[in-house]
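K.L.:
Sequence first, then the predicted structure:
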Amino acid sequence: MPIQVKLFGELRREKEKKQSISGGAPTTLIIENEGIKTVSDILKQLAIDESETSHIFVSGIFSGFGKKVNEGDRVAIFPKRMGLLYKWYFNKVEND
């Protein structure tokens, strides 16, 4: 089963080169989980630098770059400009 990745803000614009984007809906990508073990692996595959991100959720859990990703997980990646105060109040899950 593949992994669903949602990109928000300018991260989605970079992936949808020159396409018209309207509204606040994220870009949804479906990627195969071959070679994907952690959130960091997904970022590498999508050519997104860790410094470009603000926060990441894996299946609804505030997660770090080392968080393990499994088949069927949903990964939401937010850019720096969409930073939340969330990260100051909850612990980041790095791995299981």
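P.N.:
Structure received.

K.L.:
how near is the residue nearest the centre of the chain to Asn70?
P.N.:
By Cα atoms, centre = their mean, the chain has its centre lying nearest to Ile77, at 2.5 Å. With distances taken as Cβ to Cβ, to the nearest Å, Ile77 is found 17 Å from Asn70. All C-beta atoms are positioned from the backbone trio N, CA, C, and that covers glycine.

K.L.:
re earlier: give the bridge partners for the residue nearest to the centre of the chain, please.
P.N.:
Leu7, Ile56 (DSSP bridges).

K.L.:
thought it was touching Phe8?
P.N.:
Yes: using Cβ atoms under 8 Å, Ile77 makes contact with Phe8 at a distance of 6.8 Å.

K.L.:
got any residues that touch both of those two?
P.N.:
Common contact partners of Ile77 and Phe8 (Cβ atoms under 8 Å, 6 or more residues apart in numbering): none.

K.L.:
surely Val58 meets Val69?
P.N.:
Yes: at 6.2 Å, Val58 counts as touching Val69 under the criterion of Cβ under 8 Å.
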